[in-house]
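**Q** Prediction below, plus the sequence it came from.
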Amino acid sequence: MLMRTDPFRELDRLAQQLLVPGTPSRPTAMAMDAYRDGEEYVVVFDLPGVTPEAIDIDVERNMLTVKARREPIARSNDGDKGRDVQMELSERPVGVFSRQIVLADTLDTERIRADYESGVLTLRIPIAERAKPRKISIGGGADHKVITA
């Protein structure tokens, strides 16, 4: 139901994280998992340290876009008479993160649910009713037959 992306995307994502923080024009990709759970697809994104207000989820036709921004920690401490903070180590990625997913037409984009807990964004996308198997009746005559589609 979900389209796979370029197999080298993970390598590109790691290189971007290590070399350059994400910018609005060139965001860093975020790690994700996607799986089917019964009658819905579940897509899970790792966004540690991102506030829920800094996450933006959009769906246009069958394109799902998730964007997030993580700000660096303060470089100065105003409560400490304006002295600069001396950063000893900075490994956590900051900046803009984004991921786009092409959704199949069989998914119901009108009923997507989003939850955010402990730095993990979980989207649940139900399978559209029109995509589920159904029985079709054939009318006419005394013999009424049912065919499974």
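**A** Looks like it came in fine. Residues are numbered from 1 along each chain as shown.
**Q** gap between residue 93 and residue 121?
**A** 16 Å (CB to CB, to the nearest Å). For the C-beta atoms, the positions are set from N, CA and C on the backbone; glycine is no exception.
**Q** Kindly apply the preceding question to residue 107 instead.
**A** Distance of residue 107 to residue 121, given as CB to CB: 17 Å.
**Q** Then residue 111?
**A** Look at residue 111 and residue 121: by CB to CB, they are 17 Å apart.
**Q** and stretch 121-140, which residues are buried?
**A** 121, 123, 125-127 (16 or more other CB atoms under 10 Å).
**Q** scratch that, stretch 49-68
**A** Residues 50, 55, 59, 64, 66-68 are the ones in stretch 49-68 that count as buried (16+ other CB under 10 Å).
**Q** end to end, how far does it reach?
**A** For stretch 49-68, the first-to-last residue distance is 10 Å (CA to CA, to the nearest Å).
**Q** quick check: mean pLDDT across that stretch?
**A** Averaging pLDDT along stretch 49-68 gives 94.
**Q** any residues touching it, and which ones?
**A** Applying CB atoms under 8 Å, 6 or more residues apart in numbering, the contact partners of stretch 49-68 are 27, 30, 43, 45, 47, 69-71, 92, 96-105, 107, 109, 112, 114, 116, 119, 121, 123, 125.
**Q** Just the buried residues of these.
**A** Of the contacts of stretch 49-68, these count as buried by 16+ other CB under 10 Å: 27, 30, 43, 45, 47, 69-70, 96-99, 101, 103, 107, 109, 112, 116, 121, 123, 125.
**Q** So which of those residues belong to helices?
**A** Among the buried ones among the contacts of stretch 49-68, no member is found in helices (DSSP state H).
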